[in-house]
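>>> Return atomic coordinates for the entry below.
(one chain, ligands or ions: 1)
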Amino acid sequence: MHNFHRPLPFPNHHPEAYLSLAREPVFEPGKHLALEQPTQCRSLTDLGYANSEIQTCASTFGYSNAFRILSSEGVAAMTEVCEAIYDNRNDSLGTGANRLGSYARGAGYRSRFLRDFCDSVDLAEHLSAIAGVELGRHSVPAVACGINYAPDDITRAVDSWHVDSVNFDVVMMVTDPAALKGGEFQVFEGTRREGEALLGTSGEAGGTLQLPASRVSTIPFPAAGYGFLQQGSHIFHRACRLLEKAKRITLIPSFEVLPAHDPDTTNTINMSDWSDPGINAELARHEVWRASARLEQLLDAIQLTDEPQVLAAAIRVTVDRLTQFADKLEAIR
Ligand SMILES: [Fe+2]
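This next block holds a predicted model:
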């Protein structure tokens, strides 16, 4: 029996395409973390989301400013690990809409240090307090621990306008942001739908189009080891192109809402088109786990006086996401 108040354990094996690092530091929360509070937060209401949309979310939290996450020892160890993984990053072609130039998803398969950092209870509790909702490390390993590197061709944006396929994520600067010309992280001060309408795009296909500067905020990163939290499924954001070739590494640990029967905006339908090894089994585990939690809740709620139509509606609501995901899997060729 799974504990729906804790993150789903990682699978007990991993796809062959991921090479584990032979040598790496051991993650020690007391040594590598230096968690501080953000000083500013924007809510979904501030960004213009309607109450009807917010009601489908587990939290009204939008995004925060950058706050310290890693100690100087943590930055040094994280840099060592991310640089070692660079040679085993995902193929830049054929994953999703090929939005990201250069990246390593599933980095927790490659590095025990990264996996333990992303799985840290101290980190999850800290982020939960900021978001005002209980968060746990994301159950899909491909996105639980992601690394973005600057593309070799700096005329390309590091990451174009989009919302994330996960519910919550941190964007943390691993390299020194002061050494960068360009490469800023920007947020659209509006709703996802508004941003997409202004660009004429949808989903993850943001392109390199511009939004009105008056509606765009740049998130300052004071130093390496600082990151910010966002409800990524609702924040329209991008990482700008570099103006000079430089090392720019960001770590993107993702989180989902707990307990597992609570609302979840993870976009498994979109992610099932990604080419990451094992991705559809990872997504199936996520949907089965969360449906199990909803079914257990329904089991406790059913009354012997419930009418057939009421029971049918409750069952359909509980398994709807799971059957939609199965339909999507069947359509994959
Ligand atoms: Fe993103």
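>>> Ser64 is in contact with Gly227, isn't it?
No - the pair Ser64 / Gly227 is not scored as a contact, 9.4 Å apart, by C-beta atoms under 8 Å. For the C-beta atoms, the positions are set from N, CA and C on the backbone; glycine is no exception.
>>> between these two, which one's more packed in?
Higher neighbour count among Ser64 and Gly227: Gly227, with 27 against 21, using other C-beta atoms under 10 Å.
>>> Show me the helices in this protein, by range?
Remark: helices assigned in the chain by DSSP state H are 29-32, 51-54, 72-85, 107-110, 112-118, 121-131, 141-144, 192-199, 268-271, 279-301, 308-331.
>>> Which of those helices sits closest to Pro7?
helix 121-131 (7.6 Å; C-beta to C-beta).
>>> Run a quick neighbour tally on Ala50.
10.
>>> Quick check: which ranges of the chain have low pLDDT?
1, 88-101, 156-158, 203-208 (pLDDT under 70).
>>> Sheet-wise, list the partners of the longest strand along the chain with their directions.
Taking DSSP state E as the criterion, the chain has its longest strand at strand 249-257. Looking at strand 249-257 with DSSP bridges, its partner strands are strand 135-137 (antiparallel), strand 145-149 (antiparallel), strand 168-173 (antiparallel).
>>> Over to stretch 40-48 now: how far is its first residue from its last?
17 Å (C-alpha to C-alpha, to the nearest Å).
>>> burial count for the closest residue to Ile252 other than its chain neighbours?
Spatial nearest neighbour of Ile252, excluding adjacent residues (C-beta to C-beta, 6 or more residues apart in numbering): Gly146 at 4.1 Å. As a burial measure, Gly146 scores 25 neighbours (other C-beta under 10 Å).
>>> Next, the contact list for Gly146, please.
The neighbours of Gly146, taking C-beta atoms under 8 Å, 6 or more residues apart in numbering as the test, are Tyr103, Ala104, Arg105, Gly106, Ala107, Leu251, Ile252, Pro253, Ser254.
>>> If you tally nearby residues, what's the number for His298?
No, residue 298 isn't His; it's Leu. 16.
>>> do the same with Asn267
With other C-beta under 10 Å as criterion, Asn267 counts 17.
>>> now swap in the one 3 residues further on and tell me
A total of 16 residues lie near Asn270 under the criterion other C-beta under 10 Å.
>>> Next: Ser72.
12.
>>> OK, contacts around the residue nearest the centre of the chain?
Note on the chain: the residue nearest the mean C-alpha position is Ser254, at 3.4 Å, using C-alpha atoms, centre = their mean. Residues in contact with Ser254 (C-beta under 8 Å, 6+ apart) are 137-138, 140, 143-144, 146, 164, 166-170, 232.
>>> one more time with 6 Å
Shown in contact with Ser254 (C-beta atoms under 6 Å, 6 or more residues apart in numbering): His138, Val143, Ala144, Val166, Asp169.
>>> Run a quick check on the last one versus Ile252, I expect a contact.
Yes - between Asp169 and Ile252 a contact is recorded at 5.5 Å, counting by C-beta atoms under 6 Å.
>>> Looking at the two, which is more packed in?
Asp169 (27 against 24).
>>> so how far is Asp153 from the more buried one?
Asp169 sits 25 Å away from Asp153, taking C-beta to C-beta, to the nearest Å as the criterion.
>>> got it, and Phe10?
34 Å.
>>> out of these two, which sits in the more crowded spot?
Phe10 (19 against 10).
>>> contacting residues for the residue lying closest to Thr45 once chain neighbours are set aside?
Closest residue in space to Thr45, ignoring its immediate chain neighbours: Thr60 at 6.1 Å, by C-beta to C-beta, 6+ apart. By C-beta under 6 Å, 6+ apart, Thr60 lies in contact with Ser43, Leu44, Ile54.
>>> Nothing else from me, thank you.
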